[in-house]
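Participant: Below: sequence and its predicted model.
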Amino acid sequence: MPWRRQLRLIVLLLLGVLFAPPLAAQAVAQLPFKNRSDEARYQRLTVQPRCLVCQNENLADSKAEPSRDLRHQVFAQLQAGNSDTQIKQYMVDRYSDFVLYDPPVKRGTWLLWFGPLLVLGAGAGVVIHTGRKRACAGTPVAPQAEEQW
């Protein structure tokens, strides 16, 4: 009766495939907030900054270790009674303006904010200059009949 043994093995494999994903899912630790307003502030403060490792993820969605550490820092500062501005300033002081999705317009970020406009203006200048140069050159004139050689 080897076919019964194979059938049992197939059933066990199917059950393993069926029940393995929930067992492998990582449980997210719930943070002990004092009240709902602190939880809402935490959500708002972790959605705004970017992940330091993943370029297009925010702190709340990132699974990277540095983001997890920074989320715990945000939670600790909330528990300490720091304001939203103080917490954001802590992140900027530690990780620079890179941590913000919308860095402030200041001397160090001018190129970031106005660089695309400068490149666009330079491209438009090249197109206009090339167009004028071609217009001034004119169209070549066909030789006259008596000018033939």
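Facilitator: In hand now; what should we look at? Numbering: from 1, shown residues only.
Participant: Domain-wise, how is the chain divided?
Facilitator: Domain assignment of the chain by automatic domain parsing yields the ranges 26-100, 104-131.
Participant: Any chance of TSV for those domains, columns mean pLDDT, mean neighbour count and distance to residue 3?
Facilitator: Any C-beta I mention is one placed from the backbone N, CA and C, and that applies to glycine too. Putting those into TSV (pLDDT from 0 to 100; neighbours: other C-beta atoms under 10 Å; distance: least, C-beta to C-beta, whole Å) gives the following:
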stretch	mean pLDDT	mean neighbour count	distance to residue 3
domain 26-100	85	14	39
domain 104-131	89	10	68
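Participant: and residue 4, which of those is closest to it?
Facilitator: domain 26-100 (37.5 Å; C-beta to C-beta).
Participant: Reformat the domains of the chain as JSON lines; add distance to residue 11.
Facilitator: Formatted as JSON lines, the domains of the chain follow (distance: least, C-beta to C-beta, whole Å):
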{"stretch": "domain 26-100", "distance to residue 11": "28"}
{"stretch": "domain 104-131", "distance to residue 11": "59"}
